[in-house]
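>>> Got a sequence here, can you model it:
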Amino acid sequence: MTLTQRLVHYEKLMRLDKPIGILLLLWPTLWGLWLAAEGVPRLDILLIFVLGTVLMRSAGCVVNDYADRDFDGHVERTRNRPLAVGAVSAREALLLAAGLSLVAFLLIQPLNRLTIGLSFVALFLAASYPFTKRFFAMPQAYLGIAFSFGIPMAFAAQTGEVPFLAWFLMGANLLWVIAYDTEYAMVDKVDDLKIGIRTSAITFGRFDVAGVMLCHAVFLAGMVAIGLIHNLGAVYYIGLAAALGLILYQYGLIHDRDRGRCFKAFLHNNWVGATIFAGIALDYLARAAY
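So this is what the prediction gives:
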């Protein structure tokens, strides 16, 4: 195997060819940064968190595929992943994940001690999540904690503390993660039942669509509360209204549980995250202009 071919396999293992996971992890982190900085985050902190998100999401994907290497070959959507087909060894995968995590850790060294301390928790969550699918009926909830941990880290980096608002935003985002990752799990539901993997789509059973929409609804209610707590203005709520419209569109995609349409709904959450971020950022810009 040539170096170029090996690098292509590493790219696929890190899912750099499918950046949706990076984006879904990045948007809530940016929400947190903008709220913590009241619309003007420090440029160095912003760059560190963007690069750190890419590195840690990539490391998480590698660990996920390592954990699922004996299962992915039996699932239609994942059967051609590098570890499943033997293009990358388990040892290579572990070394790659360790290298990515080390670079991410070095990246945050200029930040304060609280942020560095929280990074160890974030690393543990990212590394342990893939194994929860063996025993936890709702691994999407654990993923929600992992995918939300950039929020308290953003507040810690920007302000030196983690206030109640940060934890509240983390809780709201956790529900959004459960919603969109259940849509994702609905794609693999038949295969996961065969191989014994646990997911929220299986746990919700025939109430999977209702579960997704309920999580979306409580998430949006939480975001409304955050706007009230933080005294955000009309532009922010217009962003939330647009996000509600996008989520209602997702219901049209998932209500018949078609696998292709469920996957489309999952991908569509990038626009939900981007819309909410636009509402936050533009609201601060509007207030600065007046």
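
>>> Please make it C-alpha for all contacts and neighbour counts, starting now.
Will do.

>>> Neighbours of Phe120, how many?
12 (other C-alpha atoms under 10 Å).

>>> I meant to write Leu114 there.
Using other C-alpha under 10 Å, Leu114 has 16 neighbouring residues.

>>> Ok, the one 4 residues further on next?
For Leu118, the tally of surrounding residues (other C-alpha under 10 Å) stands at 15.

>>> Could you do the one 5 residues further on as well?
By other C-alpha under 10 Å, the residues close to Leu123 number 18.

>>> Please report phi then psi for it.
phi -60, psi -40 (degrees, to the nearest 10).

>>> Now for it: which residues touch it?
Met56, Ser101 (C-alpha atoms under 8 Å, 6 or more residues apart in numbering).

>>> Could you do the one 10 residues further on as well?
With C-alpha under 8 Å, 6+ apart as the criterion, the residues that contact Lys133 are Pro139, Ile197, Arg198, Thr199.

>>> Now for the third one, how many residues are close by?
Which is Arg198. Arg198 has 21 nearby residues by other C-alpha under 10 Å.

>>> For it, give me the pLDDT.
Here, the pLDDT recorded for Arg198 equals 88.

>>> Need the max-distance pair from the contacts of Lys133.
Pro139 and Ile197 (9.9 Å; C-alpha to C-alpha).

>>> Now do the SS call for Glu161.
Following DSSP: H, G, I helix; E, B strand; the rest coil, Glu161 is assigned to coil.

>>> What is the neighbour count of it?
Counted with other C-alpha under 10 Å, Glu161 comes out at 17.

>>> Quick check, it in contact with Phe155.
Yes. If you go by C-alpha atoms under 8 Å, Glu161 and Phe155 touch, sitting 6.4 Å apart.

>>> and of the contacts of Lys133, the nearest to Asp72?
Ile197 (10.8 Å).

>>> show me what contacts that closest one?
Ile197 neighbours (C-alpha under 8 Å, 6+ apart): Lys133, Arg134.

>>> Number the chain from 3, please
New numbering, starting at 3: the last item is Ile199.

>>> Give me the neighbour count for Phe277.
Quick fix: residue 277 is Thr, not Phe. Using other C-alpha under 10 Å: Thr277 sits among 21 other residues.
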